[in-house]
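**Q** Sharing a sequence plus its predicted fold:
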Amino acid sequence: VLPNRLVKAAMEESLGSGDHQPNEYIYRLYSRWARGSFGLLITGNVQVDDRYPGLMTDLMVPRTNAHLDLDKWKKYAEISQQNGTPTVVQIN
């Protein structure tokens, strides 16, 4: 059950950095949205196979754990859901 019908639709934020992991730009943006009155946040593109990027500025989950910074992804999830805002990741 969502608190209201206001949904932040999926967008192409184009804020990924060279490592394609969440960063301060994404944290700041989603922190603002999470403080708003949205009933649900849907994230921008998160590529699940780094062999097939949409844009080079997309966030990507790498195929090998050697390049995955799990702490950055956890922080992204925590910030997006602060204040109880439900968040759904748009996977591509």
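**A** Perfect, I can see it now.
**Q** burial measure for Gln21, as a count.
**A** 20 (other C-beta atoms under 10 Å). Where you see a C-beta, it was placed from the backbone N, CA and C, and this is true even at glycine.
**Q** Which residue lies nearest the spatial centre of the protein?
**A** What sits nearest the mean C-alpha location of the chain, by C-alpha atoms, centre = their mean, is Thr43, with 4.7 Å.
**Q** you'd agree that one is in a strand?
**A** Yes: assessed with DSSP: H, G, I helix; E, B strand; the rest coil, Thr43 lies in a strand.
**Q** Local confidence estimate at it?
**A** What the model reports for Thr43 is a pLDDT of 95.
**Q** Do you know the pLDDT at Glu24?
**A** Per-residue pLDDT puts Glu24 at 96.
**Q** residues near it, how many?
**A** Applying other C-beta under 10 Å, we find 10 other residues in the vicinity of Glu24.
**Q** Can you give me the distance of it to Gly44?
**A** Counting by C-beta to C-beta, to the nearest Å, the gap from Glu24 to Gly44 is 16 Å.
**Q** And the lowest mean pLDDT element among the helices and strands of this protein?
**A** strand 59-60 (a mean of 92; mean pLDDT, DSSP states H and E).
**Q** From the chain's centroid, how far away is the helix or strand following that strand?
**A** As assigned by DSSP states H and E, the chain's next helix or strand after strand 59-60 is helix 70-80. Distance, stretch centre to chain centre, for helix 70-80: 8 Å (C-alpha atoms, centre = their mean, to the nearest Å).
**Q** got the buried residues for helix 70-80?
**A** Across helix 70-80, burial judged by 16 or more other C-beta atoms under 10 Å covers Lys72, Trp73, Lys75, Tyr76, Ile79, Ser80.
**Q** Among those, which one lies nearest to Gln90?
**A** Nearest to Gln90 out of the buried residues of helix 70-80 is Ser80 (C-beta to C-beta; 12.0 Å).
**Q** Surely that closest one and Thr87 touch.
**A** Yes: counting by C-beta atoms under 8 Å, Ser80 touches Thr87, with 4.0 Å between them.
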